[in-house]
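Participant: next comes the sequence, and after it the predicted model I'd like to discuss.
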Amino acid sequence: MNDILELSAAAAAKAVLAGDLDGGELFDAYRARAGADELNAFLWVAEDGPPASSGPLGGVPLAVKDLFCTEGVPSQSGSRILEGYLPPYSATVVRRLAAAGAPLLGKTNQDEFAMGSSTENSAFGPTLNPWDRTRVPGGSSGGSAAAVAARLAPWALGTDTGGSIRQPAALCGIVGLKPTYGAVSRYGMIAFASSLDQAGPLTRDVTDAALLYGWMVGDRDPCDSTSLQFPGPIELPARSDLRGLAIGVPAELTGEGVEPGVLAAFEATLELIAGLGARVERCELPHAPHALAAYYVLAPAEASSNLARFDGVRYGYRASGADDLIEMYTRTRHDGFGAEVKRRIMLGTYALSSGYYDAYYGRAQRVRTKIAEDFATVFERFDFIATPTAPGVAFELGAKTADPLAMYLNDFCTVPMSLAGIPAISIPCGLARPPGGGPELPVGFQLAGPAFSENALLGAAFALEQALAFDGRAAAGAG
Ligand code: GLN
């Protein structure tokens, strides 16, 4: 393979800025590779390189999840109902990154409206895991994760509502950061559940994640009323040990339901952390086991409201041949939405209906508050919390499509942080064999910290990454 594709994004940016590498050549190398994608990671690839970039990101091209609006470029959120939709503007983060010198390489595959954990809910077919093409890359940002792992892109944007950056990062052996809620503008992201959705980086290493993230945060965006000013700049991580840190390991998220191979890699990583000087102790998040149930009321409730706008009038697909308006709405939504999206709209509409609102939505909101309080209590004693990112390694295509509850269980370890709005990062911590046997696959290690602790979190993840020395190159030949 072309050597320049082996450079990390940060190294490539540095080489371009130093005049040692031609930015146009780098873009063309990735464009050719993404264009020959055999994983169905990309739904659209740029035809022309951008004009030579002088931004601090050096012109290193960026893969962007389909649900980010990109001006004049298909932005379909993995859905038939938005097929061919060309937005008249770009999302704030896409605009900021292009201005900083990370031009759009392509749009990546995802579960429809980001609902899923395997990318199999995409209207455009599943993405394949570059480690083993018979397996899923995780989801919903599976296209972005597979593209980065297979070196089809130097780095990528994903979104995380309940785990959709961290879980595919884990299953593909790369790094994924879910930011503090509000740290990144949601303007121009096609909404799933607005109180949870956050954009974040999917990268080959922690340094690349910090570099990309540093240009995603920034001034509060007046176009997103929930966006917040990030306190201070994002630093490039440099720490080499974990001395002075206390890491809590919540019993509720590190036992039952986790595959033995994943648990073994997780425990070995905890020992490594202790060896790097941190204090590692068990802790409790008593309400965490209820997070999944609360999430699957709240996220569908918000989705049912957000998806009401797709009616065949305003965007994308419209069913033809209807005799009146109601029939046109009905047929458009019947044909345009996939089964999982319809399931969530029905669940959400039910949970919000007048007689049931308090029993479901109201109660789930109270559980959400309890979960946030649990974290606040734990962070009085600990700097970070550690868990496996996902309870298992990448599963086979089709293994969970018939059983929505089995699919939902993938988010067991990631949803609590989403409900609490706190940042969390997944880094690859080793390999494990799937329960049924077969080649070894990547395992993700999740670290979560208090709101706005991204600098500390990236620093700790960096020190751990150096000690782990995980080698992700096995996925690189899989384009
Ligand atoms: N898998 C979860 C869901 O289906 C989370 C998805 C996400 O984070 N976008 O809702």
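Facilitator: That came through fine.
Participant: quick one, what contacts Gly163?
Facilitator: Taking C-beta atoms under 8 Å, 6 or more residues apart in numbering, we find Gly163 in contact with 117, 178, 389-390, 410-411, 413-415, 418. For the C-beta atoms, the positions are set from N, CA and C on the backbone; glycine is no exception.
Participant: same thing with Lys400?
Facilitator: Going by C-beta under 8 Å, 6+ apart, the list of residues near Lys400 reads 117-118, 406-407, 410.
Participant: can you tell me which of these are buried?
Facilitator: 117-118, 407, 410 (16 or more other C-beta atoms under 10 Å).
Participant: confidence-wise, which of those residues comes last?
Facilitator: pLDDT is lowest at Met407 among the buried ones among the contacts of Lys400; the value there is 89.
Participant: who touches the helix or strand it falls within?
Facilitator: Assigned by DSSP states H and E, Met407 belongs to helix 404-408. The set of residues external to helix 404-408 that reach it, using C-beta under 8 Å, 6+ apart, is 116-118, 292, 296, 340, 343, 400-401.
Participant: burial measure for the closest residue to the ligand within the stretch 251-400 of the chain, as a count.
Facilitator: The ligand sits closest to Ala299 of the stretch 251-400 of the chain, with a gap of 5.3 Å, by C-beta to the nearest ligand atom. The burial count assigned to Ala299 is 27, neighbours taken as other C-beta atoms under 10 Å.
Participant: show me the contacts for it.
Facilitator: 161-162, 192-193, 196, 344, 348.
Participant: how near is it to Lys370?
Facilitator: 17 Å (C-beta to C-beta, to the nearest Å).
Participant: also Gly35?
Facilitator: Plainly put, Gly35 is 49 Å away from Lys370 if you go by C-beta to C-beta.
Participant: so those two - more neighbours on which side?
Facilitator: Lys370 (16 against 13).
Participant: residues touching the more buried one, list them.
Facilitator: 287, 290.
Participant: any idea of the pLDDT on it?
Facilitator: Lys370 carries a pLDDT value of 98.
Participant: does it lie in a helix or a strand, and which?
Facilitator: In this assignment (DSSP H and E), Lys370 forms part of helix 363-381.
Participant: would you check that Val184 makes contact with Ser227?
Facilitator: Yes - contact criterion C-beta atoms under 8 Å: Val184 and Ser227 qualify, at 7.3 Å.
Participant: quick check: next helix or strand after the helix or strand containing the residue of the stretch 251-400 of the chain closest to the ligand?
Facilitator: Element membership of Ala299, judged by DSSP H and E, is helix 291-306. Reading on from helix 291-306 to the C-terminus, the next helix or strand found by DSSP H and E is helix 325-336.
Participant: what mean pLDDT does that following helix get?
Facilitator: When pLDDT is averaged along helix 325-336, the result is 97.
Participant: counting neighbours, which bits of it end up buried?
Facilitator: Buried residues in helix 325-336, counted by 16+ other C-beta under 10 Å: 328-329, 331-333, 336.
Participant: now swap in stretch 392-407 and tell me
Facilitator: Buried, per 16+ other C-beta under 10 Å, within stretch 392-407: 392-395, 397, 399-401, 407.
Participant: the residues you listed: which two are farthest apart?
Facilitator: With distances taken as C-beta to C-beta, the most widely separated pair in those is Val393 and Thr401, at 17.6 Å.
Participant: neighbour count for Val184 and Ser227, which is higher?
Facilitator: Neighbours were counted for Val184 and for Ser227 using other C-beta under 10 Å; Val184 has more, 30 against 21.
Participant: ramachandran angles for Ala451?
Facilitator: Main-chain torsions, Ala451, degrees, to the nearest 10: phi -50, psi 140.
Participant: Gly248 belongs to a helix, doesn't it?
Facilitator: No - the assignment for Gly248, made by DSSP: H, G, I helix; E, B strand; the rest coil, is strand rather than a helix.
Participant: how far away is it from Ala291?
Facilitator: Distance of Gly248 to Ala291, computed by C-beta to C-beta: 16 Å.
Participant: more crowded one of the two?
Facilitator: For Gly248 versus Ala291, neighbours defined as other C-beta under 10 Å are more numerous around Ala291 (28 against 23).
Participant: ok, now which ones touch that one?
Facilitator: The neighbours of Ala291, taking C-beta under 8 Å, 6+ apart as the test, are 367, 371, 412, 415-416, 419.
Participant: Ala274 now?
Facilitator: If you count contacts by C-beta under 8 Å, 6+ apart, then Ala274 has Val280 around it.
Participant: neighbours of Tyr356, how many?
Facilitator: 12.
Participant: any idea how far Leu228 is from the residue nearest to it when sequence neighbours are not counted?
Facilitator: Excluding the flanking residues, the one nearest Tyr356 by C-beta to C-beta, 6 or more residues apart in numbering is Tyr350, at 6.4 Å. Tyr350 is 32 Å from Leu228, where distance means C-beta to C-beta.
Participant: equivalent analysis for Thr414, please.
Facilitator: According to C-beta to C-beta, Thr414 and Leu228 sit 21 Å apart.
Participant: who has more neighbours, the two?
Facilitator: Between Thr414 and Leu228, counted using other C-beta under 10 Å, the more crowded position is Thr414 (33 against 17).
Participant: what sits against Asn129?
Facilitator: 39, 135-138, 146, 171-172, 394, 441.
Participant: nearest to the ligand among these?
Facilitator: Nearest to the ligand among the contacts of Asn129, counting by C-beta to the nearest ligand atom, is Gly138 at 9.0 Å.
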